[in-house]
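Q: Show me the folded form of this:
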Amino acid sequence: MATITDYIKLAQTLPPRLLRFFARFPPGTCNDVRSNPFKPTVHPATGKWHNPIYSLRRQADLCKLARKHGVEELLPPTRKSSMFKAERIQARGEGGLGKMKRMLEPKGHNWERTLHSRLETRRKAMEQMPAMIERWKRSGHGRGWKEWPR
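A: Have a look, this model is predicted:
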């Protein structure tokens, strides 16, 4: 168990930027969405959204700095933390191929993606063509033709 003097020594080794952040937002106090400086918040009276106190670029800088000094887990939850990124990679691995999907099944052009269905409808129409020609001739070459082929 670390003593208070250990925490003081650790704080003295941190850079001023991290010290200012932890002085303003002490560890463990910013875990809910309303007090997290990395998340946008809604003003309770007006209902308007306010931007996060720290932009994504500044969040990334703080996370890198905290990771370098071994105190990243003391930061509030953010998209730039290595824990969040590890969860995303793990979820992507469980859910499917992720970025590899397009490498295994390329998207292709629109005409390539719809070619199979168009050829199938054309084949079905050609199979029904003799019956359609017979009906056309019986109805008087278009006179009284009720259903025009599409």
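
Q: host element of the residue nearest the centre of the chain?
A: In the chain, the residue lying closest to the centroid (CA atoms, centre = their mean) is residue 88, at 9.5 Å. Assessed by DSSP states H and E, residue 88 sits inside helix 82-95.

Q: pLDDT of that helix, averaged?
A: Helix 82-95 carries an average pLDDT of 80.

Q: now it: how far from the chain's centre is it?
A: Mean-position distance between helix 82-95 and its chain equals 12 Å (CA atoms, centre = their mean, to the nearest Å).

Q: pLDDT on whichever strand or helix holds residue 5, on average?
A: Secondary structure assignment for residue 5, by DSSP H and E: helix 4-13. Taken as a whole, helix 4-13 carries a mean pLDDT of 81.

Q: contacts for it?
A: Contacts to helix 4-13, defined as CB atoms under 8 Å, 6 or more residues apart in numbering, come from residues 19, 22, 69, 71. Every C-beta, even on glycine, is put in place using the N, C-alpha and C of the backbone.

Q: Those into JSON lines, with extra columns for secondary structure, distance to residue 136 and pLDDT?
A: Shown next, in JSON lines, are the contacts of helix 4-13 (DSSP: H, G, I helix; E, B strand; the rest coil; distance: CB to CB, whole Å; pLDDT from 0 to 100):
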{"residue": "19", "secondary structure": "helix", "distance to residue 136": "88", "pLDDT": "91"}
{"residue": "22", "secondary structure": "helix", "distance to residue 136": "84", "pLDDT": "89"}
{"residue": "69", "secondary structure": "helix", "distance to residue 136": "83", "pLDDT": "91"}
{"residue": "71", "secondary structure": "coil", "distance to residue 136": "82", "pLDDT": "90"}
